[in-house]
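Asker: what's the 3D shape of this:
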Amino acid sequence: SRAARAQRGAHALSETFGFTLNATDGGARTGVVATPRGEIRTPAFMPVGTAGTVKAMLPEHVRATGADIVLGNTYHLMLRPTAERVAALGGLHKFMNWPRPILTDSGGFQVMSLSKLRKLTEDGVSFQSHIDGSRHMLTPERSIEIQCLLGSDIQMQLDECPAIPIEQTQARESMLLSARWAERSKRAFEEKSQPGQALFGIVQGANYEDLRRESLNRLMEIDFPGYSIGGLAVGEGREEMFRVLEFTCPHMPNDKPRYLMGDGADPVWPPRTGLDEVRRHQHQERRIRRRPLAARPGQHLPGEPRLF
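Answerer: Have a look, this model is predicted:
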């Protein structure tokens, strides 16, 4: 009945952010992330709505795939239409016509990969817009300000995302910069966020096991409600990425959600390592639309992770 469906929907809401681990099988696990805008079943894949929409799909069609959450891109939204304009229009949920959870990245990866001219300093990164050439400065504080203006439910710290291969000395310098930015991001988040929103720390360290461990330990000292694995799918190849995940995931907190950033090409392997959230790129969305899964909307295949 309609009343029963409304009651079930109400039970899916939480006043705070939280994570419940339901079951494990080796490294794989299932759970639920609770947010004020609804539950996110894990393991899960997130459709990417870069500029406020998942391309070629209406919000109700995205939801019909079983998606509990979508991703917005801070870099693109800050440039056009701007975070301030989105906020004036009622926030990203209203802008997208998506009432369920939204995750936003920090904008750091796009600044590092898309900007032709950029300058990295301790304060942040200055860059030139790929749209009109205008100059911008992205600091940890500004990144959080933008994400809070958008109103996203899960936000990311600003981090540096160097390409692989990279010398270990350079990788450590980059990791330490990201760790310092994590502290600044959390302070800004505590000042600007709303109840029920969450900020994730991002584990860096390229493909060096000791650096990944050091990065994770530093982030755990800061204490975040969830942790992301960044700096992968940046040229290292899939086998090397899997190797990094294998030595990183076992050391991550069991009672916090884990998010693999920037990759969604393999729907089965990452969840086997214990990851909860994986971003699905738009080219994968197009591929799936050309060759649909053998399941009705809202269902998932036995043995396969749910779609985010």
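Asker: and the longest helix for this protein?
Answerer: Ranked by residue count under DSSP state H, the longest helix found in the chain is helix 168-192.
Asker: give the rounded mean pLDDT of whichever helix or strand comes after it.
Answerer: With elements assigned by DSSP states H and E, the helix or strand that comes after helix 168-192 is strand 198-203. Across strand 198-203, pLDDT averages out at 98.
Asker: any low-confidence regions in this protein?
Answerer: Low-confidence segments of the chain, defined by pLDDT under 70: 1-12, 114-116, 264-270, 280-308.
Asker: where exactly do the helices run in it?
Answerer: According to DSSP H, the helices that the chain contains are 2-11, 59-64, 74-79, 83-88, 92-96, 108-114, 140-150, 168-192, 209-222, 238-248, 269-272, 282-290.
Asker: got JSON lines for those, with mean neighbour count and distance to C161 too?
Answerer: No exception for glycine: its C-beta is placed from N, CA and C like everyone else's. Output for these, formatted as JSON lines (neighbours: other Cβ atoms under 10 Å; distance: least, Cβ to Cβ, whole Å):
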{"stretch": "helix 2-11", "mean neighbour count": "9", "distance to C161": "37"}
{"stretch": "helix 59-64", "mean neighbour count": "15", "distance to C161": "26"}
{"stretch": "helix 74-79", "mean neighbour count": "24", "distance to C161": "12"}
{"stretch": "helix 83-88", "mean neighbour count": "16", "distance to C161": "21"}
{"stretch": "helix 92-96", "mean neighbour count": "19", "distance to C161": "23"}
{"stretch": "helix 108-114", "mean neighbour count": "20", "distance to C161": "5"}
{"stretch": "helix 140-150", "mean neighbour count": "24", "distance to C161": "13"}
{"stretch": "helix 168-192", "mean neighbour count": "18", "distance to C161": "8"}
{"stretch": "helix 209-222", "mean neighbour count": "18", "distance to C161": "12"}
{"stretch": "helix 238-248", "mean neighbour count": "17", "distance to C161": "14"}
{"stretch": "helix 269-272", "mean neighbour count": "21", "distance to C161": "18"}
{"stretch": "helix 282-290", "mean neighbour count": "14", "distance to C161": "19"}
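Asker: out of those, which gets nearest to R41?
Answerer: R41 lies closest to helix 269-272 among the helices of the chain, at 11.9 Å (Cβ to Cβ).
Asker: could the helices of the chain go into JSON lines alongside distance to S129?
Answerer: Formatted as JSON lines, the helices of the chain follow (distance: least, Cβ to Cβ, whole Å):
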{"stretch": "helix 2-11", "distance to S129": "40"}
{"stretch": "helix 59-64", "distance to S129": "28"}
{"stretch": "helix 74-79", "distance to S129": "5"}
{"stretch": "helix 83-88", "distance to S129": "14"}
{"stretch": "helix 92-96", "distance to S129": "20"}
{"stretch": "helix 108-114", "distance to S129": "9"}
{"stretch": "helix 140-150", "distance to S129": "14"}
{"stretch": "helix 168-192", "distance to S129": "21"}
{"stretch": "helix 209-222", "distance to S129": "30"}
{"stretch": "helix 238-248", "distance to S129": "30"}
{"stretch": "helix 269-272", "distance to S129": "33"}
{"stretch": "helix 282-290", "distance to S129": "21"}
